[in-house]
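Chemist: got a predicted structure here, sequence first:
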Amino acid sequence: MDPNPGKLPRDIEWRLPRHARSVSRARTLLREQARSWQLPDETVETAALLLSELVTNAYRHARTSPGREISIRCVAEESALRVEVSDAGDEMPRLREAAETDEAGRGLALVNALADWWGAHRRPCGIGKTVWFELDLCEPDGAVGATGTQGVQNVEEIREVHVVAEGAQ
């Protein structure tokens, strides 16, 4: 059965305050929306975990003036769920290896380990950045999406994330 019979757009955006409470609110909004899109439970739970990490990074690390918001966009296509988190901070994310004694610093490592694709890019308006991930929407037999194809990550986004990550070492 086609979960989107009328081929309605499966694209939604939320704006939340830059605050710790927005992390749980973002998870709730994602889970409710994903349920209406009839996405696989495993994909939804992974997406909720990764979204939590990105929203946490946005409120903790974006050095911005008071009143700035975090923007979250979710797009469910035939083969993948894409989640984007945008903030007004200029600092690009850095993938780093946390020490065993570190209490923080594992968020992007989780994204890197669990997402099928991820990246970051500066926003076209010139203010801030967007960090995103994609999760394949697998069929019960393990096939990727209805079309059997997999999305390709923008080469510039890959390069930018790797350059930032290498610069942190």
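Modeler: Sure thing, it's come through. Numbers count the residues shown, from 1 in each chain.
Chemist: C-alpha from now on. contacts and neighbour counts both.
Modeler: Will do.
Chemist: quick one, phi psi at L16?
Modeler: As for L16, its main-chain torsions (degrees, to the nearest 10) stand at phi -120, psi 150.
Chemist: oh sorry, the question was meant for V44
Modeler: phi -60, psi -40.
Chemist: what residues does T46 make contact with?
Modeler: Neighbouring residues of T46 by C-alpha atoms under 8 Å, 6 or more residues apart in numbering: L114.
Chemist: S24 contacts S52, correct?
Modeler: Yes - with contact defined as C-alpha atoms under 8 Å, S24 reaches S52; the gap is 7.3 Å.
Chemist: so between these two, which is more surrounded?
Modeler: For S24 and S52, the more surrounded residue by other C-alpha atoms under 10 Å is S52, and the numbers stand at 19 against 15.
Chemist: flag every buried residue along the one helix or strand the more buried one maps to.
Modeler: Element membership of S52, judged by DSSP states H and E, is helix 41-61. Of the residues in helix 41-61, 43-44, 46-59 count as buried by neighbour count, 16 or more other C-alpha atoms under 10 Å.
Chemist: which stretches of this protein form helices?
Modeler: Ranges of helices within the chain are 21-36, 41-61, 107-114, 155-167, based on DSSP state H.
Chemist: closest one to D136 among those?
Modeler: helix 41-61 (7.9 Å; C-alpha to C-alpha).
Chemist: now the closest one: mean pLDDT?
Modeler: The pLDDT scores in helix 41-61 average 93.
Chemist: now it and helix 21-36, what's the angle there?
Modeler: Per axes from the mean of the first three to the mean of the last three C-alpha atoms, to 10 degrees, the angle that helix 41-61 makes with helix 21-36 is 160 degrees.
Chemist: then helix 41-61 to PDB, C-alphas only?
Modeler: Extracted as PDB, the C-alpha positions of helix 41-61 are listed here (Å, rounded to 0.1, in the frame of the first residue of the first chain):
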ATOM      1  CA  ASP A  41       9.400   3.100  13.400                       C
ATOM      2  CA  GLU A  42      13.100   2.300  13.400                       C
ATOM      3  CA  THR A  43      13.800   5.200  11.000                       C
ATOM      4  CA  VAL A  44      11.700   7.500  13.100                       C
ATOM      5  CA  GLU A  45      13.500   6.600  16.300                       C
ATOM      6  CA  THR A  46      16.900   7.000  14.700                       C
ATOM      7  CA  ALA A  47      15.800  10.400  13.200                       C
ATOM      8  CA  ALA A  48      14.600  11.600  16.600                       C
ATOM      9  CA  LEU A  49      17.900  10.700  18.200                       C
ATOM     10  CA  LEU A  50      19.900  12.500  15.500                       C
ATOM     11  CA  LEU A  51      17.600  15.500  15.500                       C
ATOM     12  CA  SER A  52      18.100  15.800  19.300                       C
ATOM     13  CA  GLU A  53      21.800  15.900  18.700                       C
ATOM     14  CA  LEU A  54      21.600  18.600  16.000                       C
ATOM     15  CA  VAL A  55      19.100  20.800  17.900                       C
ATOM     16  CA  THR A  56      21.300  20.500  21.100                       C
ATOM     17  CA  ASN A  57      24.300  21.600  19.100                       C
ATOM     18  CA  ALA A  58      22.300  24.500  17.600                       C
ATOM     19  CA  TYR A  59      21.200  25.900  21.000                       C
ATOM     20  CA  ARG A  60      24.500  25.200  22.800                       C
ATOM     21  CA  HIS A  61      27.100  26.300  20.200                       C
END
